[in-house]
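>>> Quick check, what structure comes out for this input:
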Amino acid sequence: MYGKLKITADLHVLTGMHIGGSNEFSAIGAVDSPVIKDAITQQPIIPGSSLKGKLRTLMARNLSDSYRLKEPNEDPAEVARLFGTSKATEQNPKLLPTRLQFCDCFLKEENEKLLKEVGTTEVKYENTISRMCGIANPRQIERVIRGTIFDFCLVYDVMNEQEVKEDFQNLANGFKLLQMDYLGGHGTRGYGKVAFRNFAVQAIESCLDPNTVQELSEILKEVEDSEVLSV
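Numbering: from 1, shown residues only. Got it, this is the predicted structure:
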């Protein structure tokens with residue numbers, strides 16, 4: 001064990017994003033599908049679980065020889081050693097602890113002040129028309145508005161010094177894939193385009209020398225040059 005590396009960045013929402021929250025009870029006229037929010041501030045958040053699941057799926061698909069993915073425990077070795085496994089398989093015969101700890105993303109403080117007047121969410125009205133009978137099925141979907149910025153934080157456990165740079169290169173590829181894809185639901189209809197900015201890596205109780213940490217930071221900064229929409 002060589003310590004931990006704290007990775008931070010600004011996560012920019014480029015198009016309206018919907019990561020669903022609970023709608024167990026909806027009063028008449030209320031939004032059908034709200035976004036998930038922090039219980040204390042009632043402001044939208046991005047759950048770490050959403051980021052982790054999306055990144056793992058994109059990276060596994062990118063390194064697999066088939067579009068149809070297998071179970072996570074059978075992910076390619078480069079992905080499995082980052083995200084861990086829960087049982088041994090033919091692909092990954094040893095149990096692997098996860099090297100990544102994703103944090104929930106909260107609104108960036110400066111951005112929260114700027115959005116105070118317009119609010120951080122919008123309600124988008126959509127309608128589906130049945131091709132068979134022409135019956136309309138209108139719905140209201142809450143979205144985090146474009147221009148919102150979240151604080152992104154990820155902790156990487158250094159378990160094998162020789163594999164750190166390769167792990168960071170794979171992570172950078174995952175972030176690039178996410179920028180070319182979407183986060184949350186309804187991405188094929190334009191929702192959830194995101195971009196990362198201001199990557200930084202901080203070594204905490206790590207034996208890695210400062211030059212190596214700087215190299216890791218530069219690897220992640222390459223992500224900022226690869227996106228569908230400019231910030």
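>>> Phi, psi for the residue nearest to the spatial centre of the chain please.
Centroid-nearest residue in the chain, with CA atoms, centre = their mean: L51, separated by 2.7 Å. Taking degrees, to the nearest 10, you get phi -70, psi -40 for the backbone angles of L51.
>>> Now do the contacts for it.
F102, C105, F152, L183 (CB atoms under 8 Å, 6 or more residues apart in numbering). (C-beta placed from N, C-alpha, C; glycine too.)
>>> now with 10 Å?
Taking CB atoms under 10 Å, 6 or more residues apart in numbering, we find L51 in contact with 11, 19, 100, 102-105, 150, 152, 154, 174-175, 178, 183, 194.
>>> which secondary structure element contains the residue lying farthest from the centre of the chain?
Here the chain reaches farthest from its C-alpha mean at C133, the gap being 38.8 Å by CA atoms, centre = their mean. If you go by DSSP states H and E, C133 is not part of any helix or strand.
>>> Contacts for the lowest-mean-pLDDT helix or strand in the chain, please.
None of the helices or strands of the chain scores lower by mean pLDDT, DSSP states H and E than helix 109-114, at a mean of 79. Contacts to helix 109-114, defined as CB under 10 Å, 6+ apart, come from residues 10, 12-13, 41, 43, 106-108, 120, 147-151.
>>> Show me what secondary structure element comes after it.
With DSSP H and E, the next secondary element past helix 109-114 is strand 121-129.
>>> List the contacts of that following strand.
Under the criterion CB under 10 Å, 6+ apart, residues 16-18, 30-35, 37, 43-44, 115, 135-146, 148, 186, 189, 191 lie in contact with strand 121-129.
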